[in-house]
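[1] Have a look at this prediction, sequence included:
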Amino acid sequence: MTQLPDGRFVDDAPYSDSTDLSAPERSDMDASTWVLVWRKFKRHKLGLISGIFLLLSYLMLPVAGFIAPYTPNERSADYLYAPPQSVNFWHEGEFIGPFVYPTTATADLVNYRWTYETDETRPMPLQFFCEGATYNLFGFIRSDTHLFCAPEGATIFLWGSDRLGRDVFSRILYGAQLSLTVGLIGITVSFALGIFFGSIAGYFGGKTDWLINRAIEILRSLPELPLWLALSAAVPSNWGPVAVFFIISIILGILDWPGLARAVRSKFLSLREEEYVRAAEMMGAKPGRVIRRHLLPNFMSHLIASATLSIPAMILGETALSFLGLGLRAPAVSWGVMLNDAQNLASIEIYPWTAIPMLPIIFVVLAFNFLGDGLRASLDPYKS
Amino acid sequence: MMFLKYAIYRFITMLLTLWVVSIMIFVIINLPPGDYLSNQIAELRATGQAEGVAKAEFLRTEYALDRPIWEQYLIWVGMAPGPQGWYGLIQGNFGWSFEFDRPVSEIVGDALWLTVLVNLAAVLFVYLVALPLGVIAAAKSETWIDYTAAFVGYLGLATPNFLLALMLFYYGNKYFDLPIGGLMSPEFEGEPMSFDKVKSILVHLIVPTFVIGTSGAAAMMQRLRANMLDELSKPYVETAKAKGLAPSKLLAKYPLRMAFNPFVADIGNLLPAMVSGSVLVSVVLGLQTIGPSLLTALKSQDQFLAGFVLMFVALLTLIGTMISDLLLVLLDPRIRYGARGS
């Protein structure tokens, strides 16, 4: 600030004629909502990392067969319950690229189990882009090229093998295909039902509202798992794995919608009094159009955030059902089906690697939780 | 007086809800085609055992399984006379288990009380753990205490219950000499209550309570922390600080009381999850609650047993929710009785 000789005060900041007087005063007014949301979300590091992790996991699904060295039901009869093998790079101080040491099984007749001995004198380099068992890339392209596979005469069980000599690592990759999509299908069902019932309850009010509200209360007050069990027990046992998979995901979704419907309803109750809704109605818009065009887009983002938070429950639900033998069944491969093998204390004590599928479950569930938290925090970009 | 009126109103709505639930449960357990007896008859026919068929046919008419489904429902609940007259759930007849060939009440028996016990213990655990942890996490927010609590909480949410149970059993037995499986030592089964029996049950309860309660405690802790943080940023807390109130008293006197309401109200959300968890954990750990009987009954289509267990589980949660609603009204004078506008 400078004072001119005539007593006036003048700002010292440089003045330019080209300054746009209509430029927004707040720095966050320069972009569309979605850009702002993205900017804010980027600062939520945990959410961002979780999002990237989940994105990669889902992108991996169609090419799981390529990454996995074995196919899910491929058995190595000589390697039952083989412990995890490590991939090494240096052999006796010399770099020879990724290789494994071959193992041989001997029967321990005292304890009735297999013991494995690693032959540390013969490093066997891994093969890359090699031929193995056939699988379907993207579900329809038949292929037999794998990213890496075991060298001739050795095995590559990164995370050990299970009761039937199947590779746990490969099975986890294949299991992800079902375990991860169960949540997506379930949430779609629950989303559709929740939005439908929630919006007609909130928009029309009166008797419809009362009826739907009671239904929501009843469903919410019931324990989910016993009902899931009862519903999945009703799935005919002669159905194929794919049909069972779909019906299980739908069952998981059917009992999940009340929470979402409740949120939609309360939002609608307040929004339907807004002027723009009145205006739309006066211009002759049908209820369906008002709901879809004017009301839903208002808080779609919040719904997405809450949906993200309820996917983990479904993934855990599928795991629990399959674990109890009422969900997916072999030959289908899911994380729950795999854990079914690790059901007893003996396997946890002697073959702890059969419980490895719990790690991806924990990671995915945590990631969805963090992602949901991050989304929720950043979806209102105008709030500081 | 107003409270009594509200309590009665709440009780009646609970009964109505239970009635709707009973219809739902009956439909669900009848979803699979056929029933236990018709499956058995088909099997007996296939193996050519004629005398067995006669008995199964007799049971079918005896338990009205040959009638239309809505009639079966009314007879099961006791709203219509069946072959043995008015004798259904309302009249205290829980039905007949075909698989065990005994009345359902004999099979579930003690399991009912043990189920209630396990769930009560889990609820207590949730409150005892979540309350102090949530308050401390809020008071010391963004310190290592807060982060550790959040980390443990998230891990509890993300680990599948049944695996946690197995792991805790294994390590608990290895390092702390905790018993494996069951709800009491085998020698106490069928014995009358005694001090040693109670002790045995308590020791056996440690792992199940922990497993069932962890995820609930984690969720509740997070919510309490958020509520507390909201309260702590309000001006009255500032005033109290300025007046020199001791930190512990400052926390306990006002913000905690305010943050406590959702805590009680939350039991309605908490209970269904806990009962779910207890069923799952019971199956894995072999607890003598009704969880395992539900699973076997569902797998073998033993419909009256499955139906009764589901009804009991639903009743348990409904009663719990009702109690929490009533407590809430007693705790918070600002909550109105009855419907809005009245």
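    Sure thing, it's come through.
[2] Against residue B:291, how distant is residue A:344?
    17 Å (CB to CB, to the nearest Å). The C-beta positions use only the backbone N, C-alpha and C, and glycine is treated the same way.
[3] Comparing those two, which shows the higher neighbour count?
    residue B:291 (29 against 10; other CB atoms under 10 Å in any protein chain shown).
[4] low-scoring stretches of the chain, by residue?
    You didn't pick a chain, so chain A it is. A:19-30, A:381-384 (pLDDT under 70).
[5] please go with chain B instead
    In chain B, residues with pLDDT under 70: B:1, B:181-182, B:186-192, B:262, B:332-342.
[6] Recalculate using a threshold of 90.
    Scanning chain B for pLDDT under 90 picks out the ranges B:1-7, B:9-10, B:13-21, B:23-342.
[7] With adjacent residues omitted, what lies nearest to whatever residue of the stretch 151-300 of chain B ends up closest to chain A?
    Chain A sits closest to residue B:276 of the stretch 151-300 of chain B, with a gap of 3.5 Å, by CB to the nearest CB. Distances taken as CB to CB, 6 or more residues apart in numbering or on different chains place residue A:225 nearest to residue B:276, at 3.5 Å, with adjacent residues excluded.
[8] In this structure the one you found contacts residue A:319, no?
    No. With contact defined as CB atoms under 8 Å, residue A:225 does not count as touching residue A:319 (11.6 Å).
[9] Comparing these two, which residue is more hemmed in?
    residue A:319 (29 against 26).
[10] so who does that one touch?
    A:179, A:334, A:335, A:336, A:339, A:361, B:160 (CB atoms under 8 Å, 6 or more residues apart in numbering or on different chains).
[11] same thing but 6 Å
    A:335, A:336, B:160 (CB atoms under 6 Å, 6 or more residues apart in numbering or on different chains).
[12] Let me know the next secondary structure element after the helix or strand hosting it.
    Using DSSP states H and E, residue A:319 falls within helix A:296-323. Next helix or strand after helix A:296-323 toward the C-terminus (DSSP H and E): helix A:335-341.
[13] quick one: contacts of that following helix?
    A:162-163, A:171, A:175, A:179, A:318-319, A:322-323, A:327-328, A:354, A:357, A:361.
[14] what's near enough to touch the closest residue to residue A:69 other than its chain neighbours?
    Nearest non-adjacent residue to residue A:69, counting by CB to CB, 6+ apart: residue A:149, 4.6 Å away. Taking CB under 6 Å, 6+ apart, we find residue A:149 in contact with A:69, A:127, A:130, A:132.
[15] So residue A:70 lies in a strand, does it not?
    No. Using DSSP: H, G, I helix; E, B strand; the rest coil, the assignment for residue A:70 is coil, not a strand.
[16] That one is in contact with residue A:166, isn't it?
    No. Here residue A:70 lies out of contact with residue A:166, judged by CB atoms under 6 Å, at a distance of 7.2 Å.
[17] Mind checking what secondary structure residue A:147 has?
    Applying three-state DSSP: residue A:147 is strand.
[18] how much space is there between it and residue A:155?
    Taking CB to CB, one finds residue A:147 at 16 Å from residue A:155.
[19] related to what we said a few turns ago, tell me the contacts of the residue nearest to residue B:276?
    So residue A:225 contacts B:276, B:279, B:280 (CB under 6 Å, 6+ apart).
[20] Tell me which residue of the stretch 1-150 of chain B lies closest to chain A.
    Closest point on the stretch 1-150 of chain B to chain A, by CB to the nearest CB, is residue B:31, at 3.6 Å.
[21] Tally up the residues packed near that residue, please.
    Residue B:31 has 12 nearby residues by other CB under 10 Å.
[22] Describe which strands the lengthiest strand in chain A pairs with in its sheet and in which direction.
    Taking DSSP state E as the criterion, chain A has its longest strand at strand A:127-137. Paired neighbours of strand A:127-137 in the sheet (DSSP bridges): strand A:141-149 (antiparallel).
[23] distance between the partner strand and the chain's centre?
    Put simply, strand A:141-149 sits 25 Å off its chain's centre (CA atoms, centre = their mean, to the nearest Å).
[24] now swap in stretch A:346-354 and tell me
    Going by CA atoms, centre = their mean, where stretch A:346-354 is centred and where its chain is centred differ by 26 Å.
[25] so residue B:112 is in which element?
    Going by DSSP H and E, residue B:112 is part of helix B:104-139.
[26] in chain B, which spans are helices?
    B:2-29, B:36-47, B:50-62, B:69-77, B:104-139, B:144-158, B:161-176, B:195-232, B:235-242, B:247-253, B:255-265, B:267-285, B:290-300, B:303-331 (DSSP state H).
[27] winner for burial among the ones you listed?
    Counting by mean count of other CB atoms under 10 Å in any protein chain shown, helix B:267-285 has the highest mean neighbour count of those, with a mean of 24.
[28] Can you tell me which helices and strands it packs against?
    helix A:224-233, helix B:104-139, helix B:161-176, helix B:195-232, helix B:290-300, helix B:303-331 (3 or more CB pairs under 6 Å, 6 or more residues apart in numbering or on different chains; DSSP states H and E).
[29] I would like the residues contacting it, please.
    Contacts of helix B:267-285 (CB under 6 Å, 6+ apart): A:223-226, A:320, B:118-119, B:122, B:161-162, B:165, B:181, B:208, B:211-212, B:216, B:289, B:291-292, B:295, B:313, B:316-317, B:320-321, B:324.
[30] Please save the CA atoms from that helix in CSV.
    Extracted C-alpha coordinates of helix B:267-285, given in CSV (Å, rounded to 0.1, in the frame of the first residue of the first chain):
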residue,chain,number,x,y,z
ILE,B,267,-27.7,-52.1,18.9
GLY,B,268,-30.5,-52.5,16.3
ASN,B,269,-27.8,-52.7,13.7
LEU,B,270,-25.4,-54.6,15.8
LEU,B,271,-27.5,-57.5,16.9
PRO,B,272,-28.4,-59.0,13.5
ALA,B,273,-24.7,-59.0,12.6
MET,B,274,-23.8,-60.6,15.9
VAL,B,275,-26.4,-63.3,15.6
SER,B,276,-25.1,-64.0,12.1
GLY,B,277,-21.6,-64.1,13.4
SER,B,278,-22.5,-66.4,16.2
VAL,B,279,-24.2,-68.9,13.9
LEU,B,280,-21.1,-69.0,11.7
VAL,B,281,-18.6,-69.2,14.5
SER,B,282,-20.6,-71.9,16.3
VAL,B,283,-20.5,-74.1,13.2
VAL,B,284,-16.7,-73.6,12.9
LEU,B,285,-15.9,-74.0,16.5
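[31] quick one, that helix and helix B:161-176 angle?
    Between the axes of helix B:267-285 and helix B:161-176, defined by axes from the mean of the first three to the mean of the last three CA atoms, to 10 degrees, the angle is 60 degrees.
[32] Off-centre distance for helix B:267-285?
    For helix B:267-285, the distance to the chain centre is 5 Å (CA atoms, centre = their mean).
[33] Stretch A:111-121 now?
    On CA atoms, centre = their mean, the centre of stretch A:111-121 falls 37 Å from that of its chain.
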